[in-house]
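Novice: got a sequence here, can you model it:
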Amino acid sequence: MTTTTLAVLVPLLPFLGAAAGLLLGRTAPGLVRPLAVLPTLAALVLTALVAVRQGGGRAVEAHTELTPTGSVPIDLALDIDGFAALVAVLVAFVAACVQIYSTGYLRDDPRYPSYAALVSLFTSAMLLVVYSGDLIVLLVGWEVMGICSYFLVGHYWETPEARAASLKAFLVTKLGDVPFLIGLFALGTDAGSFNIPRILATVANGGIGHPTVVALLLLAGVAGKSAQFPLHTWLPDAMAGPTPVSALIHAATMVAAGVYFVARLLPLFEASRAAMVVLAVMAAVTMTGSGLAALAQDDIKRVLAYSTIGQLGYMTGALAVGDRGAAVFHLLSHGAFKALLFLAAGVIIHAAGTNSLAAMSRMGHLRERVPDAYWTMTVALLALAAIPPFSGFFSKESVLGAAEHVASGHTAQAPGAAGWLVLVAGLVTAVLTAAYATRLWLLAFRGRGAEAPDHGRQPLTMTVVLWVLAVPSLAFGGFAYRSLPGWLDGRDLTPTLLTSILGTGLAVVGGLLTYGAWQRTTALAARVPLGAVAAHPEGDAGLVEAEAIASHEPAYGDIAEAPDPADPGRLLLGPLHQHAAAGFHVDAVYSALFVRPVQAGASLVRFLDREVVDTYVRGAAALPRLLGVAVRRAQTGNVQTYVSALLAGTVVLAVAVLLVATGA
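Specialist: Residues are numbered from 1 along each chain as shown. All right, here's what the predicted structure looks like:
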C-alpha cells in the first residue's frame, strides 16, 4: 500500500467510526466503544507508518482537482513533510488515549455514543488540517473542529454554564474566522492557487502583493483558534465540558491548529516584518497575562486552561522569531504532558468530590487516595515547569534559545525587537509557570480541604492511560532534541547554556517562592477551620463531574467563592490577585465594547419593529376590516330591508337625474 493511500485512510477511519457510532449508537450499544477506540488506534498505527515512510525527507505530495471553479482551483491535496507527519502522530496518539480513558470516565453517561462519535469526528477534522495541501480543504477541517467543540463543550447542556461556554467558544472563534476567511481568499487570489506548496513558491518569488495585510487577517483566525490574546477568553470557560474533551482540545486539536497553520505558512509571515512584530507582541502579552491569571485561579481545570494559553504563547513566540522547528518541538512536548495533566485532573475531580467542580481550596488527603494521579501529575507538572530532564525543559529552552539568537543579532530571520519581546516574556513566564505549577501541586495534594468519601478505585482504562502519557512527558524531550532537527528545518534544538541557566534558575526561584508563601499562609491559617467538603454520592466520574457543574454552591468558575486562607497565590499576587482571578476583566471590556452595544441595538430594532412597523401593518389591515364590518352589517338577510334600500336608491338616483336635467 502506497504512502499516499495510507495518508488518505488516516482521517478517513475516524470519520467512518464517527458516522457508524452515530448510526448504531441506539440500535447496537455494544458496538459504541469498539467503534470509538479501534478506528482511532488504527489511525495512530497508520500515522506512525506514514511518518516512518516519510522519514523527515522530501514531502509526500499528491493532488487531484476537487471541483472546477472557473478561476482559482480547489484541489483535494496531500502535503506531508516531516513536521506534518510528527504532528499527525501526536494528534492520533492523544485522541486514542482520550477515547480509551473515556470508556471508563463516561461509562454510565447516557450520551456517551454521541460524545464518542464527536470525539472521532474532531480527530478526523484535525488530521485533515494536518495532512491537507490545499487551504480550502484545510478550512473544512478547521470549521468542523469548531462545530465539534461547540457540541462537546456543551455536552452537559442541562447546565447554564455548559450552554454559555459552548456558545462563547463558538462565537469568539468565529469572530476570528471572518477575517481569516478573507485572508485566505486574498492569499489564494494573489497566488492564483490554494495549494500550499504553490503559495509558498509564490511567496519566495515575491508574488504576494500585500503580505502584511494578508498575514494580519490570518493572524486574527489564529488568535481565535489557538486562544491567543485578545481572543483567548473562550478557553477557560470551555472547562465546563467533560475533562477528556479538555485534554483533547488543549493537547492535540483545536488550539494546536492555529500554531500549526502559522508554521505551515511561516514564509508568508516572514515576508512582513510588521506581522512578525505583531505576532511577538501577541505572544508576549499572552504568556505573561495567562501566567498571572493561572496563579489566581482556584479551579484546577481553569489553572490548566490558562497554562495552555501560556504554552501556546511560547509556540507563537518561537514562530515570531522565525523558528518553526522550536515551535513544533514544544507543540509535541506540550501535547503529551498537557493531556496527562487534564486526564489526571479528571481522576482528582472524582476523588475530591468537590461541589465547585475541582476547587483546589477544598481538596485534601488525595495523595494516598489517587497515587496514580499523584505520581503522574507530578511528572507532568515538572515537565510544565521546564525542570530538567523532563520534556518541557528541552522544548521550552529551544524557544528561549531561538529568541536569544534573534535578540542578539546572530540570526536575522525576524526583527530584533521580536526576539527581545519573546525572550523577556518567556523568562518572566518561566517564573510564573513554576509558581502556579507548584501551587497546584501543593493545594491539590497537600491541601487542607476535608476528605471526601472514597468512590473506589478508578477504572483500569483511566490509570493505564496516565502511565502511558507519563513516559513521553518524562523522556521525549531528551530524545527528541537530537533527532527532530532532521524532521523539521534542520536547525539545532540543543538547549543553549545562557537561556538554560536563566530559565531553569527562574523556574526554581518561582517554585521556592511559592513553597515559602504556602508555608507562611498555612501557618497563619492553621487556626482557621475549613468547612467540610460536600460529598457526592458514589458514582461514575463523568456523572460526578456533571453533578458538580450543575451545583450552584458556588456556580462554576465563580471567583467570589470563599477563599482558602492558605492559598499562596494571594500572598504572591497581593492586590493584583482579584484582577488576575477575573482574567484582568477582558470579558468585561468585551461586554462593554461589543455585547452591550449589540444588545442595545437589538432592543432598538425590536422597539422599531413593534411600535413602528407593526403599527403600519396593523393600520393597513384596519381599514379593510372596518369596511368589511360595515358591509357585513348591511347583509341582514331581511328581504323587506333589501327592497326598502332598493327603493331608496331608486328615488335618490331619480332625484339626481332630475337635478342634472333641470340644470342642463
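Novice: C-alpha only now, for contacts and for neighbours.
Specialist: OK.
Novice: residues in contact with residue 335?
Specialist: 90, 94, 250, 251, 252 (C-alpha atoms under 8 Å, 6 or more residues apart in numbering).
Novice: secondary structure, neighbour count and pLDDT added to those, as a markdown table?
Specialist: What follows is those, written out as a markdown table (DSSP: H, G, I helix; E, B strand; the rest coil; neighbours: other C-alpha atoms under 10 Å; pLDDT from 0 to 100):
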| residue | secondary structure | neighbour count | pLDDT |
| --- | --- | --- | --- |
| 90 | helix | 24 | 97 |
| 94 | helix | 27 | 97 |
| 250 | helix | 25 | 94 |
| 251 | helix | 28 | 93 |
| 252 | coil | 29 | 89 |
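Novice: and these as JSON lines, adding distance to residue 272?
Specialist: Putting these into JSON lines (distance: C-alpha to C-alpha, whole Å) gives the following:
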{"residue": "90", "distance to residue 272": "30"}
{"residue": "94", "distance to residue 272": "35"}
{"residue": "250", "distance to residue 272": "29"}
{"residue": "251", "distance to residue 272": "30"}
{"residue": "252", "distance to residue 272": "29"}
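Novice: between these, which is nearest residue 611?
Specialist: residue 250 (48.4 Å; C-alpha to C-alpha).
Novice: so the closest one sits against residue 337, correct?
Specialist: No. The pair residue 250 / residue 337 is not scored as a contact, 10.5 Å apart, by C-alpha atoms under 8 Å.
Novice: what's the next secondary structure element after the one helix or strand in the chain whose mean pLDDT sits lowest?
Specialist: Counting by mean pLDDT, DSSP states H and E, the weakest-scoring helix or strand in the chain turns out to be helix 541-550, with a mean of 52. Following helix 541-550 in sequence order, the next helix or strand is helix 568-573 (DSSP states H and E).
Novice: which strands and helices sit next to that following helix?
Specialist: Under the contact definition 3 or more C-alpha pairs under 8 Å, 6 or more residues apart in numbering; DSSP states H and E, helix 568-573 sits against helix 416-446, helix 497-525.
Novice: what do you get if the cut-off is 10 Å, keeping everything else the same?
Specialist: When contacts are defined as 3 or more C-alpha pairs under 10 Å, 6 or more residues apart in numbering; DSSP states H and E, helix 568-573 sits against helix 273-294, helix 416-446, helix 497-525, helix 577-581.
Novice: can you tell which of these is closest to residue 468?
Specialist: Per C-alpha to C-alpha, nearest to residue 468 of these: helix 416-446, 20.6 Å.
Novice: tell me the helices and strands packed up against the helix or strand just after the closest one.
Specialist: As assigned by DSSP H and E, the chain's next helix or strand after helix 416-446 is helix 460-483. Packing partners of helix 460-483 (3+ C-alpha pairs under 10 Å, 6+ apart): helix 82-105, helix 324-352, helix 371-384, helix 391-407.
Novice: among those helices, show the one with the smallest mean pLDDT.
Specialist: Note on these: helix 324-352 shows the lowest mean pLDDT, a mean of 92.
Novice: how about the helices in the stretch 551-664 of the chain?
Specialist: 568-573, 577-581, 586-590, 596-608, 614-634, 639-663 (DSSP state H, counting those that start in this stretch).
Novice: distance from the chain centre to the longest one, please.
Specialist: Just to be clear, that refers to helix 639-663. Centre-to-centre, helix 639-663 and its host chain are 85 Å apart (C-alpha atoms, centre = their mean, to the nearest Å).
Novice: next: the fourth one.
Specialist: On the basis of C-alpha atoms, centre = their mean, helix 596-608 is displaced by 30 Å from the centre of the chain it belongs to.
Novice: low-confidence ranges in the protein?
Specialist: 352-358, 364, 448-456, 525-565, 664 (pLDDT under 70).
Novice: closest to residue 592 out of the helices and strands packed on helix 460-483?
Specialist: Across the helices and strands packed on helix 460-483, residue 592 has its closest neighbour in helix 324-352 (32.9 Å, C-alpha to C-alpha).
Novice: got the angle between the closest one and helix 82-105?
Specialist: 10 degrees (axes from the mean of the first three to the mean of the last three C-alpha atoms, to 10 degrees).
Novice: picking up where we left off before, quick check: which of the helices of the stretch 551-664 of the chain is buried the most?
Specialist: helix 568-573 (a mean of 20; mean count of other C-alpha atoms under 10 Å).
Novice: show residues contacting that one.
Specialist: 292-298, 435-436, 438-440, 442-443, 513-522, 563-565, 574, 576-581 (C-alpha atoms under 10 Å, 6 or more residues apart in numbering).
Novice: circling back: could you dump the helices of the stretch 551-664 of the chain to TSV with distance to residue 83?
Specialist: Shown next, in TSV, are the helices of the stretch 551-664 of the chain (distance: least, C-alpha to C-alpha, whole Å):
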stretch	distance to residue 83
helix 568-573	38
helix 577-581	36
helix 586-590	35
helix 596-608	43
helix 614-634	60
helix 639-663	94
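Novice: looking at the ones you listed, which is closest to residue 134?
Specialist: helix 586-590 (34.3 Å).
Novice: now do that closest one: distance to the chain's middle.
Specialist: Worked out by C-alpha atoms, centre = their mean, helix 586-590 lies 18 Å from the chain centre.
Novice: now swap in stretch 207-221 and tell me
Specialist: 23 Å.
Novice: what about stretch 53-72, how long is it end to end?
Specialist: Terminal residues of stretch 53-72 lie 32 Å apart, using C-alpha to C-alpha, to the nearest Å.
Novice: doesn't residue 93 make contact with residue 40?
Specialist: Yes. Shown here, residue 40 and residue 93 form a contact pair, counting by C-alpha atoms under 10 Å, at 8.4 Å.
Novice: more neighbours: those two, which one.
Specialist: The neighbour comparison of residue 40 against residue 93 (other C-alpha atoms under 10 Å) goes to residue 40, with 32 against 22.
Novice: now the angle from the helix or strand containing that one to helix 82-105?
Specialist: Using DSSP H and E, residue 40 sits in helix 32-54. Computed by the same axes, to 10 degrees, the angle separating helix 32-54 from helix 82-105 equals 160 degrees.
Novice: identify each buried residue in helix 32-54, please.
Specialist: 32-33, 35-51, 54 (16 or more other C-alpha atoms under 10 Å).
Novice: ok, now stretch 225-245?
Specialist: So stretch 225-245, judged by 16+ other C-alpha under 10 Å, has buried residues 225-229, 231-245.
Novice: over to stretch 5-17?
Specialist: So for stretch 5-17, counting by 16+ other C-alpha under 10 Å, buried means 6, 7, 8, 9, 10, 11, 12, 13, 14, 15, 16, 17.
Novice: contacting residues around residue 126?
Specialist: 11, 87-88, 91-92, 132, 138, 140-145, 252-254, 256-257.
Novice: which of these count as buried?
Specialist: 11, 87-88, 91-92, 132, 138, 141-145, 252-254, 256-257.
Novice: helices - which of these land there?
Specialist: 11, 87-88, 91-92, 138, 141-145, 256-257 (DSSP state H).
Novice: and those as a markdown table, adding distance to residue 158?
Specialist: Below are those laid out as a markdown table (distance: C-alpha to C-alpha, whole Å):
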| residue | distance to residue 158 |
| --- | --- |
| 11 | 32 |
| 87 | 35 |
| 88 | 34 |
| 91 | 30 |
| 92 | 31 |
| 138 | 33 |
| 141 | 28 |
| 142 | 27 |
| 143 | 25 |
| 144 | 23 |
| 145 | 22 |
| 256 | 29 |
| 257 | 29 |
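Novice: hang on, the earlier thing: how about the helices of the stretch 551-664 of the chain, which one is nearest residue 428?
Specialist: Of the helices of the stretch 551-664 of the chain, the one closest to residue 428 (C-alpha to C-alpha) turns out to be helix 568-573, at 14.2 Å.
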